[in-house]
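In: Dropping a prediction and its sequence here:
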Amino acid sequence: MGYRIPEETIETIRRTVDIVDVISDYVQLKKQGRNYFGLCPFHGEKTPSFSVSPEKQIFHCFGCGAGGNVFSFLMDIEGISFLEAVKRLAVKANIDLSHLQLDDADKSRTNTGETKMMVEAHELLKKFYHHLLVNTNEGQKALDYLQDRGWTREIIDQFEIGYAPNSWDFAVKLLSGRGFSLELMEKAGLIIRKENGDYFDRFRHRIMFPILNHHGDTVGFSGRLLGEGQPKYLNSPETAIFHKGKILYNFHQARLHIRKHQEVILLEGFADVISAVQAGVAHSVATMGTALTEEHARILRRNVDTVIICYDGDASGIEATFRAAEVLTEAGCHVKIATIPDGLDPDEYIRKYGPDRFRRDIIDAGSSLMAFKMMYFRKGKNLQDENDKIRYIEEVLREISKLPNPIEWDYYLRQLADEFSLSLSALQEQLNRYKGTVKHAHHIDREETPKPLLQKKLLPAFQNAERMLLAHMLQSRDVAMVVQEKIAGNFNLEEHRAIAAYIYAFYEEGNDPDVSLLLSRLPDDLKPLVTELSLLLINDEVSNQELNDYMKHVLNYPKWLMLKEKEQEKMEAERKKDFLTAARIAKEIIEMKKMLSS
């Protein structure tokens, strides 16, 4: 059993790292007043309701209720244990934990040990494959091929491209020699097991493109065959560490450039990304040989507003562009289209025309999504034919009806009216019909402010009173002491009683008000509510009158329940014509009401 990390070390890490910096690696945050807001990474949403407080060092989502401090954020977003979260944040805080012998007690539960070994095996093979490519005669043919297609040694090193030798057991021998379990390596997708129980390499005689997750860990490979044969590209299978639908190629390197440019270039393949980056378009990413998924779109939307799709210029590329644009628009992205002419892909275009023309004539000249759709709807139609023309106009009008603002409606309506010599009023009338039936599912006001943080929910008076008391207790030890003396544990809701108990204990230990520190003492099920309470809009100071009113509501609630019961008993006695009992209960009700009003 490993040693625990001392409490003071955890506290130093928590104080040193800034929760805004940490969460910014996952969510695009914008400052609104004292807090930052973004799209919640824990549930799908189009309007930001995810709040981060730099002052309190906590986060809270007003949509799904997720909340906590910097440790719980990392644990939730990465699915890791508390110890692993502490280790990662220690690195960020430049705090050395090497003197502590740390075992992760959660390994068996979370399979962290196995996934860690899988990543280490991928990292090892990546280094060896790269070494074989750039430093050995065996890899020379592969290196010549890459350089002949225009890739520099610098870009080959940056993407750590490698070469898997033409051997059945290079990886098997290397991994087993380093102590890796071959059974686990098969699960990791690096080797394959034959029916007789022997193992052989999955990747042989291939140029190897390492696939890194969004934190820079190597989790898979795509191998391009050197020479003739099939399949031309062989990818790692889905494993515990590699999920194609959740990973974007080059995202870990592109993230800073994406933030800087406030846009991302979405491409289809590895070669396109590598050529684009070499051409100076560093904010480029690609899907993993699969169609763009909703998860991909959510990842992009959390980091940036604008996505420029730059897929192949052939028919299948145009179809894929249309589908990807729909998914991205649904996720709330502002989509532009960079169209490659002559059926070329971005890699081919860059090799043929050079990086300057790619940046100027393709990326910077990207058209609006609506202009692309108008071009797309023309495909296969003869616009001299009346039926095709009407079908085209109706398809375009449907799309215009989904646009977010009247200026765009007017612009494209005039375009249609001019091209087909139609009256603007007729088009407007038809558009209004579509607007009546089409919900503006894709509309997001880009300048929309986050949902207001309501001071009071529509809750019973006693419940609001308890919430307000706890909110003031979280920011004042003096208030907590008064409440402890007058109410102690007599909150009416179980979770409120539990939170109050933790607050009392926290202050009794001599701590000053610090929600983020308190959160690290709380069980997971209480953290979201505490973060929500700490973000309620309350005054810094609370008057004795206000405090007494809240406490009165809390203490009177059980009496009020008893009063309601008595009123029911009185009604029941009257129904049974037991007027003597009804009169006695009526006197009790009067006394109870006097007590409640006093």
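Out: Received, thanks. All values reported here derive from a predicted model rather than from experimental measurement.
In: How about the secondary structure of Leu174?
Out: Per DSSP: H, G, I helix; E, B strand; the rest coil, the local secondary structure of Leu174 is helix.
In: where does this protein dip in pLDDT?
Out: Along the chain, the model assigns pLDDT under 70 to residues 1-3, 101-112, 436-458, 598.
In: for it, longest helix please?
Out: helix 544-575 (DSSP state H).
In: C-terminal to it, what's the next element?
Out: helix 579-597 (DSSP states H and E).
In: Please identify the buried residues of that next one?
Out: For helix 579-597, a neighbour-count test (16 or more other Cβ atoms under 10 Å) marks Ala582, Ile585, Ile589, Met592 as buried. No exception for glycine: its C-beta is placed from N, CA and C like everyone else's.
In: Quick check on Val335: phi, psi?
Out: Dihedral angles of Val335 (phi, psi; degrees, to the nearest 10) stand at phi -110, psi 130.
In: That one: neighbouring residues, count only.
Out: Residues contacting Val335 under the criterion other Cβ atoms under 10 Å number 23.
In: Surely it is in contact with Glu326?
Out: No: using Cβ atoms under 8 Å, Val335 is not in contact with Glu326, being 9.1 Å away.
In: How about residues contacting stretch 591-598?
Out: By Cβ atoms under 8 Å, 6 or more residues apart in numbering, the residues outside stretch 591-598 that reach it are Asn556, Lys559, Trp560, Met562, Leu563, Lys566.
In: any chance of those in a markdown table, with distance to Asn432 and neighbour count too?
Out: Below are the contacts of stretch 591-598 laid out as a markdown table (distance: Cβ to Cβ, whole Å; neighbours: other Cβ atoms under 10 Å):
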| residue | distance to Asn432 | neighbour count |
| --- | --- | --- |
| Asn556 | 56 | 17 |
| Lys559 | 59 | 13 |
| Trp560 | 54 | 16 |
| Met562 | 59 | 14 |
| Leu563 | 57 | 17 |
| Lys566 | 60 | 17 |
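In: State the distance from Asp314 to Gly343.
Out: With distances taken as Cβ to Cβ, to the nearest Å, Asp314 is found 4 Å from Gly343.
In: what does Phe200 give?
Out: Distance from Phe200 to Gly343, by Cβ to Cβ: 39 Å.
In: Now do the contacts for Glu395.
Out: Phe377.
In: can you count the residues close to Tyr233?
Out: 16.
In: which residues does it contact?
Out: Ser222, Gly223, Arg224, Leu225, Gly289.
In: Now a PyMOL select for only the buried ones of these.
Out: Listed next is the PyMOL selection for buried residues among the contacts of Tyr233, using 16+ other Cβ under 10 Å:
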select buried, resi 222+223+224+225
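In: the strands in the stretch 251-400 of the chain, which residues?
Out: Applying DSSP state E, counting those that start in this stretch to the stretch 251-400 of the chain gives strands spanning 263-267, 284-286, 306-309, 334-337, 367-368.
In: Serialize those strands to TSV and add fields for distance to Glu408.
Out: Formatted as TSV, those follow (distance: least, Cβ to Cβ, whole Å):
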stretch	distance to Glu408
strand 263-267	19
strand 284-286	28
strand 306-309	16
strand 334-337	12
strand 367-368	9
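In: quick one: which of the ones you listed is nearest Ile80?
Out: strand 284-286 (24.1 Å; Cβ to Cβ).
In: What helices and strands are in contact with the closest one?
Out: Under the contact criterion of 3 or more Cβ pairs under 8 Å, 6 or more residues apart in numbering; DSSP states H and E, strand 284-286 touches helix 251-261, strand 263-267, helix 270-278.
In: what's the most buried one of the ones you listed?
Out: Stretch with highest mean neighbour count among the helices and strands packed on strand 284-286: strand 263-267 (a mean of 26; mean count of other Cβ atoms under 10 Å).
In: Please parse the protein into its domains.
Out: Domain assignment of the chain by automatic domain parsing yields the ranges 7-110, 112-242, 246-373, 380-437, 455-598.
In: for those domains, which one ends up most surrounded?
Out: Highest mean neighbour count among the domains of the chain (mean count of other Cβ under 10 Å): domain 246-373, a mean of 20.
In: end to end, how far does that one reach?
Out: Length of domain 246-373, first residue to last, Cα to Cα, to the nearest Å: 27 Å.
In: how much distance is there from that domain to the middle of the chain?
Out: 20 Å (Cα atoms, centre = their mean, to the nearest Å).
In: got the contact list for stretch 265-281?
Out: 150-152, 155, 158-159, 161, 209, 222, 249-250, 253, 283-287, 289, 292, 300, 307-312, 317, 320, 324, 328, 338, 345-347, 350-351, 355, 358-359, 363.
In: Same check on stretch 343-356?
Out: Around stretch 343-356, the neighbours that count as contacts under Cβ under 8 Å, 6+ apart are 149-150, 267-269, 271-272, 274-276, 278-280, 310, 312-315, 317, 340-341, 357-358, 361-362.
In: can we see that at 7 Å?
Out: Stretch 343-356 is contacted by residues 149-150, 267, 271-272, 275-276, 279-280, 310, 312-314, 340, 358, 362 when judged by Cβ atoms under 7 Å, 6 or more residues apart in numbering.
In: Stretch 461-472 too?
Out: Contacts with stretch 461-472, where a contact means Cβ under 7 Å, 6+ apart, come from 456, 479, 483, 491-493, 496, 499-500, 533-534, 536, 538, 542, 550-551, 553-554, 557.
In: what about dumping the CA coordinates of that stretch to CSV?
Out: Output of stretch 461-472 as CSV, limited to C-alpha atoms (Å, rounded to 0.1, in the frame of the first residue of the first chain):
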residue,chain,number,x,y,z
ALA,A,461,-40.0,29.1,1.6
PHE,A,462,-38.3,26.8,4.1
GLN,A,463,-36.1,25.3,1.4
ASN,A,464,-35.1,28.6,0.0
ALA,A,465,-34.4,29.8,3.6
GLU,A,466,-32.1,26.7,4.2
ARG,A,467,-30.3,27.4,0.9
MET,A,468,-29.7,31.0,1.7
LEU,A,469,-28.5,30.1,5.2
LEU,A,470,-26.0,27.6,3.8
ALA,A,471,-24.8,30.0,1.2
HIS,A,472,-24.1,32.6,3.9
